[in-house]
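Enquirer: Predicted model and sequence follow; I will ask about them next.
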Amino acid sequence: MRLILAFLLLFATPLRAEIDITPVTSPGGLEAWLVEERSIPFVAIDLIFEGGATLDADESLGAVAFMTALLNEGAGALDAQGFAIRAEELAARISFDSGRDTVSVSVQFLTETAEETIALLNSALTQPRFDEDAVERVRAQLIASLRRDALDPNTIASRAFAEAAYPGHPYARPSEGTPESIAAITRDDLRSAHRAAIARDRVHIGVAGDIDAATLGPLLDALFEDVPENTATLPERASFAAESGVTQVPFDGPQSVIAFGHRGIPRDDPDFLTAFVVNEIVGGGRFGTRLMRELREKRGLTYGVGAFLASGLLGESYQGRLSASNADAAEVIALIRAEWEKLVAGGVTTDELNRIQTYLTGAYPLRFDGNGAIAGIMASMQFQGFGIDYVNIRNDKIEAVTLEEANEIARRLYRPDSLRFIIVGQPEGIN
Amino acid sequence: MRSFIAAIGVVLTAFAAQASTVTQGTLENGMDVVVIEDRRAPVVVHMVWYRVGAADEPALKSGIAHFLEHLMFKGTDDLAPGEFSAVVEANGGRDNAFTSWDYTGYFQRVASDRLGLMMQMEADRMTDLLLSEEEWRPERDVILNERGQVVESQPGRVFNEAMLAALYKAHPYGTPIIGWRHEMETLNGDDAKAFYRQHYAPNNAILVVAGDVDFAEAMELARTHYGPIPENPDVTTRARPMEPPHVAERRLTMKDARVGTPYVSRMYLAPTRHESEQAAALQMLAALLGGSATTSVLERKLNFEQGVALSAWANYSGMARDYGMFSLGIAPVEGVSLEDAEAALDAAIVEFVQEGVDPEQFDRVRRQIRASEIYALDNVQGRARQYGVGLSIGLAIEDIDGWIDALDAVTPEQVMEAANILLDRSSAVTGYLTQPDTEAVN
């Protein structure tokens, strides 16, 4: 079959993200972004509370994660069984999660059960019981999970990188705590963590689905009834302190997990988006990046390699990850360094920039893939500090990036001499 | 409260039936077409599924189906290596592929006005693949690294391979999809090409298009791009070795220093979705035994009441051509041996068989299944995948569309009858995954 190749080379005119976001302010003053989509009778709400594990006291590491794991284990008049049964009766899907910077809540409910589901979720946010039996049951699960993490080379690599990057800052601590810290956490610690992490003025709210603004406002007030204002102060910003070099963490496995990186770029930096574009060329998590071409396609050294701008609420780094055979670890490190040097010396090409701009602008609308995804993006965009019109101007901003700007940020961001490598495994040929 | 729930159930049923717009057709060359219309966003998912997978591999060539899937991105007479994905990206799309025992699938998500281009390229690589040694050699290292990363670095995955190898005495479901390392190391471009020629043809393929497109448009594009490819009469479905009667229970233990949480896993051979009534009863059984981390029978008994388990699970999977599987498992709390945990798990099953179904739990499970039909409509790609898998393993559209109704029709009596499968371990494998030194503790 002959293809008409000329047609293939036509670059696409990017789709506009046809996303109509309504800002909603509830009668009680809560702000949310709403994407109304009435064709399926359910609603998705995502909440992101700023703070997360950075609010843990040094002597109770993992308290926020532990507290979050208990939010669906009994609240108000319902014990753990009662809470789960109620959610099942409503056919509502409620999940809680925590991380370094955030506690997040995702809920999906059928339109008809909105009030009942919101009441249930409100009780979890305001009256978690922390029953003794639930605390002990979840404690045992968390400790088991931490023991698994301690034997997982990916987790070991991430922790070692964080420790090297942010010594003395909460970012250097394990967000889920340690087996010892979790074992020592009391119900009072859990109540303190709850008081610190769940606050109405630290929340970002995204909503999508079968609901209008007039209905949503009072519903949000009901969801946040009795959720207090914040009392806990967020930690100071973290500065990246890892020095260049190679750290080996011995681990008995068939492969080496390699984490690498150096200082990054804050997400409110005016050049952040340009850095994002350059990273997509070099290491964004897909085929066709420079790193994938050099390490996977040409040499078969890894199944996958990616690099990412790890720009958090309180600090930032630029990091990459891959697994490779122990025998190939030295070659992999040399190739990564060489890619960094090549980029700083030669920059990206016009062709690479054009291609990535077409890809990024064209792929953007694909993200808005259903109510669940959209609610998450709405909350996340607010957490990251974007304006409500960002979805409409984001592609223009991507297209406006020039080769000069891209290469200036390439020289500023990429630091071959500062690269720090953490190798978890039995790498060969590394001094 | 009960009547409130029942009332919503009625609304849900009516809604889901009306929202479903799935249409099927066939091209003259035998290629099946399924179109799922969803106009919420100007995006389509384009998938081509081949009714061939790892269970169709010749002896000594385990992993060839998956290796070929990787090599399908390496170029044709018209497209340079890597160009397929580059064109998808240049059109703002994303693409990938997957291999299972029964099927191999290729897909792109892209703006709906690029659907024809995706079909043009996918049709091109259906028969015109080129493979130079320069391309397949590094890619073989990639799949070996993939095996290293996603299997050999994870003791749970290695254990799972060992369990399946013990469960299937003859059938190729006992061979890992990615292949055994020693055979993968010998695979080459000729092997891939032979497998490709034998299995890749329109009469062995299913096109699934989901999203912003209607049936007529999709069929017209399909006729234009896939229509000209001639049917290949040489495409053969290999007869697969089937299981002899299982008369002996199998048990195994794997010890690995990287195991953080020891657990017991049990796998039973079970009917597939082709036996729809039995499959529905098994699915309901799995939902009752293990469908919730809090309220399911196993979690309630073993975790909440007896405190012997960190977690306990049950799962049924019937989406396969030849054999389904029911699995159970328990991860004990510290201080409880795997032997005692297994005994507690078996006792909980026996108790369940004696006590019967809790009618309130049964109602809640049914209600959640009805709601899941609504939630599933939000995920276009998930729906496309469901139809692709179903048709690949030989189900009809009506079987897939009728699944929720089949679940709804299951009675508590049928669930209890299905539960008997769990009392006979002659068709089952039980495995312990543990640290080398736990034995001393026990």
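Expert: Good, I have the coordinates.
Enquirer: okay, and the helix or strand of chain A with the least pLDDT?
Expert: helix A:5-9 (a mean of 38; mean pLDDT, DSSP states H and E).
Enquirer: Going by contacts, tell me the helices and strands next to the helix or strand following that one.
Expert: Sequence-wise, the next helix or strand downstream of helix A:5-9 (DSSP states H and E) is strand A:21-25. If you count contacts as 3 or more CB pairs under 8 Å, 6 or more residues apart in numbering or on different chains; DSSP states H and E, strand A:21-25 packs onto strand A:31-36, helix A:213-223. For the C-beta atoms, the positions are set from N, CA and C on the backbone; glycine is no exception.
Enquirer: Could you say which of those is packed most deeply?
Expert: strand A:31-36 (a mean of 21; mean count of other CB atoms under 10 Å in any protein chain shown).
Enquirer: contacting residues for whatever residue of the stretch 201-350 of chain A ends up closest to chain B?
Expert: Here the residue of the stretch 201-350 of chain A nearest chain B is residue A:300; by CB to the nearest CB that distance is 2.7 Å. Contacts for residue A:300 were tallied using CB atoms under 8 Å, 6 or more residues apart in numbering or on different chains; they are B:137-142, B:144-145.
Enquirer: Run a quick check on residue A:109 versus residue A:43, I expect a contact.
Expert: Yes. Using CB atoms under 8 Å, residue A:109 makes contact with residue A:43 at a distance of 5.9 Å.
Enquirer: Tell me how many other residues crowd the residue of chain A found nearest chain B.
Expert: At 1.2 Å from chain B, residue A:362 is the closest residue in chain A, using CB to the nearest CB. A count of nearby residues for residue A:362, using other CB atoms under 10 Å in any protein chain shown, gives 25.
Enquirer: For residue B:136, which non-adjacent residue is closest in space?
Expert: residue B:189 (4.0 Å; CB to CB, 6 or more residues apart in numbering or on different chains).
Enquirer: Can you give me the distance of that neighbour to residue B:79?
Expert: From residue B:189 across to residue B:79, the span is 17 Å (CB to CB, to the nearest Å).
Enquirer: what's the neighbour count on the residue of the stretch 151-300 of chain B found nearest chain A?
Expert: Residue nearest to chain A within the stretch 151-300 of chain B: residue B:260 (3.0 Å; CB to the nearest CB). Residue B:260 has 16 neighbours, counted by other CB under 10 Å.
Enquirer: By proximity to chain A, which residue of the stretch 1-150 of chain B wins?
Expert: Closest point on the stretch 1-150 of chain B to chain A, by CB to the nearest CB, is residue B:92, at 1.2 Å.
Enquirer: rewinding a little: who touches the residue nearest to residue B:136 in this structure?
Expert: Shown in contact with residue B:189 (CB under 8 Å, 6+ apart): B:71, B:131-133, B:135-136.
Enquirer: Could you find the closest non-adjacent residue to residue B:383?
Expert: Spatially, and ignoring its direct neighbours in sequence, residue B:383 is nearest to residue B:36 (5.5 Å; CB to CB, 6+ apart).
Enquirer: Surely the one you found touches residue B:21?
Expert: Yes. If you go by CB under 8 Å, residue B:36 and residue B:21 touch, sitting 7.0 Å apart.
Enquirer: What about contact with chain B: does the helix or strand residue A:338 falls within have any residue there?
Expert: Applying DSSP H and E as the criterion places residue A:338 in helix A:329-346. No. Helix A:329-346 stays out of contact with chain B when judged by CB under 8 Å from any CB of the partner chain, the minimum separation being 10.8 Å.
Enquirer: Now do the helix or strand following that helix, average pLDDT.
Expert: Counting by DSSP H and E, the element after helix A:329-346 in chain order, helix or strand, is helix A:350-363. When pLDDT is averaged along helix A:350-363, the result is 94.
Enquirer: Give me the residues contacting helix A:350-363.
Expert: Contacts for helix A:350-363 (CB under 8 Å, 6+ apart): A:11-12, A:14-15, A:277, A:280-281, A:395, A:398-399, A:401, A:403, A:406, B:86, B:89-94, B:110-111.
Enquirer: So what's the gap between stretch B:149-158 and the chain middle?
Expert: With CA atoms, centre = their mean, to the nearest Å as the basis, stretch B:149-158 stands 19 Å off its chain's centre.
Enquirer: Residue A:107: what secondary structure?
Expert: Using DSSP: H, G, I helix; E, B strand; the rest coil, the structure places residue A:107 in strand.
Enquirer: With respect to residue A:232, which of the contacts of residue A:300 is nearest?
Expert: Proximity of the contacts of residue A:300 to residue A:232 (CB to CB) peaks at residue B:145, which lies at 44.6 Å.
Enquirer: Could you pull up the contacting residues of residue B:381?
Expert: Per CB under 8 Å, 6+ apart, neighbours of residue B:381: A:369, B:45, B:107, B:109, B:210.
Enquirer: Give me the subset of these lying in strands.
Expert: Using DSSP state E, the members of the contacts of residue B:381 that fall in strands are B:45, B:107, B:109, B:210.
Enquirer: Would you mind confirming that the last one makes contact with residue B:45?
Expert: Translated: residue B:210. Yes. Contact criterion CB under 8 Å: residue B:210 and residue B:45 qualify, at 4.6 Å.
Enquirer: For the two, list the residues in contact with both.
Expert: Common neighbours of residue B:210 and residue B:45 (CB under 8 Å, 6+ apart) are B:380-381, B:384.
Enquirer: Quick one: name the residues of the stretch 51-200 of chain A near chain B.
Expert: Counting by CB under 8 Å from any CB, the residues of the stretch 51-200 of chain A close to chain B are A:72-73, A:80-81, A:83-85, A:88-89, A:91, A:93, A:108, A:110, A:112-113, A:137, A:140-141, A:144-145, A:147-153.
Enquirer: Mark which of the residues you listed are buried, thanks.
Expert: Burial by neighbour count, judged by 16 or more other CB atoms under 10 Å in any protein chain shown, picks out A:72-73, A:80-81, A:83-85, A:88-89, A:91, A:93, A:108, A:110, A:112-113, A:137, A:140-141, A:144-145, A:147, A:149, A:151-153 from these.
Enquirer: now, which of these lie within strands?
Expert: Per DSSP E, these map to strands at A:93, A:108, A:110.
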